[in-house]
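# A predicted structure for the sequence below; I have some questions about it.
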Amino acid sequence: MNGVSAADGTGAAGRLGEQIRGAVLVPGDPGFDAGCAGFQTGYRHRPSVLVRAAGAEDVAAAVAHAAAHGLPVAVQATGHGLSVPLDGGLLISTGRMTGVTVDAAARTARIAAGTRVAAVVDAAARYGLAPLNGSSPDVGAVGYLLGGGLGLLARQFGYAADHVRAVDIVTADGRPRHVTAEHDPDLFWALRGAGANFGAVTAVEIDLVPVSRIYGGELAFDTARVPDLLESYRQWTTTLPEELTSSVSTIHYPDVSAVPAPLRGRHVTHVRIAYTGDARTGEELVAPLRAAGPGLVDTLGEMPYTECAAIYHDPSYPHAYLGDNVLLREFDAEAAASLTETTGPGAPVRCVLDIRHLGGALGRAPKVPNAVGHREARYLVRVLTPLDGTSTEEARAAHRKVLDALAPARLGRFHNLVYGACAADEPPEDFWERADHRRLTVLKTQYDPANLFRCNRNILPEPRP
């Protein structure tokens with residue numbers, strides 16, 4: 001029975017095991033704990049049943065089983081974005097469902113549910129193409145797309161969700177669907193920006209862009225020696241072409257041997273850049289930043305797109321963290337000064353600050369509309385705290401102080417970049433436009449009236465009469 005050794009509370013886990021090519025596990029089975037674990041270690045799913053799916057048929061059988069027995073469902077590929085842990089119910093792990101198929105002539109890729117971003121980048125690069133991926137090569141490509149996808153080339157090409165062509169999904173009725181703009185257009189709209197609320201995705205088809213190399217990398221500065229760099233960055237971004245997407249971040253590094261020597265023990269400000277133009281123009285564009293003060297690190301230069309993960313050096317090891325963000329209609333000198341004060345070297349709680357420059361194609365409606373909202377935002381400010389000696393309460397309080405200072409320019413929050421359990425009183429329109437949230441609620445009622453897929457934020461079916 002593929003590992004089933006105990007009842008799941010419904011007395012039917014054994015029968016489910018007979019339908020699954022992968023594995024069905026319950027607490028106490030070998031591999032159960034490892035199968036539930038994800039990249040985010042501060043929170044974890046604690047299901048009654050774990051299905052390690054080997055293919056789309058396993059996903060359909062698992063969803064049908066959950067619906068028949070009233071079990072809530074969560075889906076996990078890598079566990080990077082976990083924010084609402086499952087307590088009981090059924091967890092579908094898609095991590096074994098991997099694979100990328102590229103159609104070079106059509107400039108598209110089909111991606112299986114458990115595929116990581118790095119595999120998509122590598123597969124597309126063989127044909128001189130690239131996906132609209134984010135900073136980390138280790139995240140699950142499908143979850144990133146469903147949440148909107150704010151990528152390295154976002155100002156030129158828009159959100160990654162804008163370039164999704166089709167979604168294969170199993171909805172709460174256990175029915176596999178191939179969803180496109182022509183077939184199930186309302187569901188297609190919802191999946192691109194709020195997708196995890198509506199079913200278990202087994203594959204997606206995306207557009208690729210003709211990018212094989214970029215001018216990119218990072219500049220790093222000692223914050224104590226260049227204290228006004230956030231303001232210099234703010235002013236610099238007002239002059240940039242859409243072909244340049246960038247961010248600035250600050251972090252205090254411990255004085256340990258694992259940290260590169262130039263950064264060790266310092267509070268460091270990083271500027272990260274990805275530019276699709278030529279290297280000579282790239283050098284001209286970054287000259288004002290290089291002139292802002294003495295640098296610690298300068299890796300800017302031309303690189304094949306396959307090396308784009310080197311721009312951010314995101315951690316590849318599982319760890320515990322809490323993070324939040326706010327989308328801003330503007331980012332002024334007062335905001336820059338406030339962030340320097342609240343997250344700088346003297347901050348009582350360690351905060352990693354990250355400011356993304358938006359605008360460009362991000363501010364334009366896609367050809368096929370989707371649920372990604374707040375497109376008028378010009379900047380995104382994210383704050384993150386590792387939970388390695390800092391409590392969740394301390395981190396949340398520090399984040400609230402940082403983000404509340406930005407309230408006058410606040411539009412909402414970005415779905416992909418909230419890490420950790422959300423507050424119960426947060427407004428649902430934080431993540432979507434008010435009218436879009438109403439539409440999502442209606443669609444939730446249509447496609448998942450029993451709220452089977454409840455391990456996500458703020459989209460609930462309308463109450464039954």
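Looks like it arrived, so ask away.
# C-alpha from now on. contacts and neighbour counts both.
Noted.
# Neighbours of His163, how many?
For His163, the neighbour count with other C-alpha atoms under 10 Å is 23.
# One more: Thr108?
Around Thr108 there are 22 other residues, counting by other C-alpha under 10 Å.
# got the phi/psi numbers for the nearest residue to it once chain neighbours are set aside?
Closest residue to Thr108 apart from its sequence neighbours, by C-alpha to C-alpha, 6 or more residues apart in numbering: Asp207 at 4.5 Å. With angles defined as degrees, to the nearest 10, Asp207 sits at phi -80, psi 150.
# gap between the lowest-mean-pLDDT helix or strand in the chain and the chain center?
Taking mean pLDDT, DSSP states H and E as the measure, helix 13-17 is the helix or strand of the chain with the lowest mean score, a mean of 80. The chain centre lies 33 Å from the centre of helix 13-17; the measure is C-alpha atoms, centre = their mean, to the nearest Å.
# State the next helix or strand along the chain beyond it.
Once the chain leaves helix 13-17, the next helix or strand it forms, by DSSP states H and E, is strand 23-25.
# Which strands and helices lie in contact with the least confident helix or strand of the chain?
Applying 3 or more C-alpha pairs under 8 Å, 6 or more residues apart in numbering; DSSP states H and E, we find helix 13-17 packed against strand 23-25, helix 56-69.
# related to what we said a few turns ago, my read: the residue nearest to Thr108 touches His163, true?
Yes: using C-alpha atoms under 8 Å, Asp207 makes contact with His163 at a distance of 5.2 Å.
# Nearest spatial neighbour of Asp138, chain-adjacent residues omitted?
Arg116 is the one closest to Asp138 (C-alpha to C-alpha, 6+ apart), at 5.6 Å.
# Now do that neighbour, the pLDDT please.
On pLDDT, Arg116 comes in at 98.
# Do I have it right that it meets Gly140?
Yes: applying C-alpha under 8 Å, one finds Arg116 in contact with Gly140, separated by 4.4 Å.
# show me the contacts for the residue nearest to Asp138.
98, 137-141 (C-alpha atoms under 8 Å, 6 or more residues apart in numbering).
# Same question for Pro30.
With contacts defined as C-alpha under 8 Å, 6+ apart, Pro30 has no neighbours.
# Kindly report the same for Pro47.
Shown in contact with Pro47 (C-alpha under 8 Å, 6+ apart): 86-91.
# Let's have the residues you listed in TSV, adding neighbour count, distance to Thr299 and secondary structure.
Output for the contacts of Pro47, formatted as TSV (neighbours: other C-alpha atoms under 10 Å; distance: C-alpha to C-alpha, whole Å; DSSP: H, G, I helix; E, B strand; the rest coil):
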residue	neighbour count	distance to Thr299	secondary structure
Leu86	22	41	coil
Asp87	16	44	strand
Gly88	16	47	coil
Gly89	21	47	coil
Leu90	27	45	strand
Leu91	29	42	strand
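# Columns pLDDT and distance to Leu71 on top of the residues you listed, output as a markdown table?
Converted to a markdown table, these look like this (pLDDT from 0 to 100; distance: C-alpha to C-alpha, whole Å):
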| residue | pLDDT | distance to Leu71 |
| --- | --- | --- |
| Leu86 | 86 | 11 |
| Asp87 | 88 | 10 |
| Gly88 | 91 | 8 |
| Gly89 | 93 | 5 |
| Leu90 | 96 | 6 |
| Leu91 | 96 | 10 |
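# tell me which of those residues is nearest to Leu380?
Taking C-alpha to C-alpha as the measure, Leu380 lies nearest Leu86 of the contacts of Pro47, at 28.6 Å.
# Looking at the contacts of Arg116, state which has the most neighbours.
Neighbour max across these (other C-alpha under 10 Å) = Ala141, 27 neighbours.
# Next, give phi and psi for that one.
Backbone torsions for Ala141, taken as degrees, to the nearest 10, come to phi -60, psi -40.
# can you tell me which two in the contacts of Arg116 are farthest apart?
Across the contacts of Arg116, no pair lies farther apart than Thr98 and Pro137, at 14.4 Å, counting by C-alpha to C-alpha.
# show me what contacts Leu90?
For Leu90, the contact set (C-alpha under 8 Å, 6+ apart) comprises 47-51, 62, 66, 71-74.
# Dump the residues you listed to JSON lines, plus secondary structure, distance to Ala333 and pLDDT.
Below are those laid out as JSON lines (DSSP: H, G, I helix; E, B strand; the rest coil; distance: C-alpha to C-alpha, whole Å; pLDDT from 0 to 100):
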{"residue": "Pro47", "secondary structure": "coil", "distance to Ala333": "47", "pLDDT": "95"}
{"residue": "Ser48", "secondary structure": "coil", "distance to Ala333": "51", "pLDDT": "95"}
{"residue": "Val49", "secondary structure": "strand", "distance to Ala333": "52", "pLDDT": "96"}
{"residue": "Leu50", "secondary structure": "strand", "distance to Ala333": "50", "pLDDT": "97"}
{"residue": "Val51", "secondary structure": "strand", "distance to Ala333": "51", "pLDDT": "97"}
{"residue": "Ala62", "secondary structure": "helix", "distance to Ala333": "52", "pLDDT": "97"}
{"residue": "Ala66", "secondary structure": "helix", "distance to Ala333": "52", "pLDDT": "95"}
{"residue": "Leu71", "secondary structure": "coil", "distance to Ala333": "50", "pLDDT": "94"}
{"residue": "Pro72", "secondary structure": "coil", "distance to Ala333": "46", "pLDDT": "94"}
{"residue": "Val73", "secondary structure": "strand", "distance to Ala333": "45", "pLDDT": "95"}
{"residue": "Ala74", "secondary structure": "strand", "distance to Ala333": "42", "pLDDT": "93"}
